[in-house]
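>>> Model the structure of this input:
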Amino acid sequence: MTPKEWAVLAQAAYSATPDIGQENSAARIVFNHTPDGFILAIPGTNNESCALADVDAIPHDAGPCGWVHKGIWCAFDSIWGDVAKLAPDALVGHSEGAAGAIYLAARLCLIGKAPKIVYAWESPRTSIDANLADIFTKYGVELHLMWHGEDIVPTVPLALPFMGWRHPVALERFGRPFLPFPNITDHMMVNIIADL
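This is a model prediction of the structure:
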């Protein structure tokens with residue numbers, strides 16, 4: 001699949017009825033059966049529950065996954081039991097859903113169900129240590145962390161001397177910014193797809 005096809009799956013998840021989770025919850029998953037396999041698509045922030053999860057950006061001890069974003073981790077922990085029963089070939093998500101895809105993929109690795117690929121569009125930073133990065137390297141997961149233009153979301157939470165928020169792999173930058181400074185317009189899936 002091309003990056004644009006992955007982006008279209010991520011965008012479609014916003015309007016599809018969730019197969020796991022409730023529409024008004026912070027963690028929802030849409031099933032996709034494609035020629036490339038079984039793919040879990042995860043929408044990002046578009047309701048109050050998501051927004052509350054986003055702002056709960058304090059470190060949370062997630063065991064072997066390390067110290068993570070509490071709000072987003074706990075949101076997706078609420079549906080982990082259903083996800084653990086599956087064996088997806090890939091995950092794709094946008095924004096808060098991209099962070100959720102990263103967390104779920106790491107947990108799938110740890111139970112012997114490593115996906116082949118994860119496409120994370122415009123994810124916020126997900127951890128303050130190297131545990132997630134080490135998991136994806138150990139299990140050979142192809143993780144694409146995409147950063148469009150000058151989207152502000154991949155730069156949060158802010159990396160501070162006492163709380164070094166980070167991404168598990170290097171960001172793949174692409175596209176022309178709509179504005180010459182960090183902005184939210186570059187974050188929108190419709191603009192990402194148009195630029196691809």
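>>> residue contacts, the residue nearest to Glu150 when sequence neighbours are not counted?
Nearest non-adjacent residue to Glu150, counting by CB to CB, 6 or more residues apart in numbering: Pro177, 4.0 Å away. The way it works is simple: take the backbone N, C-alpha and C, and place the C-beta from them, glycine included. Going by CB atoms under 8 Å, 6 or more residues apart in numbering, Pro177 touches Gly149, Glu150, Asn183, Asp186.
>>> ok, now Ile193?
By CB under 8 Å, 6+ apart, the neighbours of Ile193 are Lys4, Ala7, Val8, Gln11.
>>> Can you classify the residue nearest to Glu150 as helix, strand or coil?
Classification of Pro177 by DSSP: H, G, I helix; E, B strand; the rest coil places it in coil.
>>> With neighbour count, secondary structure and distance to Lys85 added, can I get the contacts of Ile193 in a markdown table?
Formatted as a markdown table, the contacts of Ile193 follow (neighbours: other CB atoms under 10 Å; DSSP: H, G, I helix; E, B strand; the rest coil; distance: CB to CB, whole Å):
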| residue | neighbour count | secondary structure | distance to Lys85 |
| --- | --- | --- | --- |
| Lys4 | 13 | helix | 31 |
| Ala7 | 24 | helix | 27 |
| Val8 | 18 | helix | 27 |
| Gln11 | 19 | helix | 26 |
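>>> ok, of these, which one's closest to His144?
Nearest to His144 out of the contacts of Ile193 is Ala7 (CB to CB; 10.8 Å).
>>> Which pLDDT value belongs to the closest one?
On pLDDT, Ala7 comes in at 98.
>>> For it, give me its contacts.
Contacts of Ala7 were listed using CB under 8 Å, 6+ apart, and they are Tyr119, Trp121, Met189, Ile192, Ile193, Leu196.
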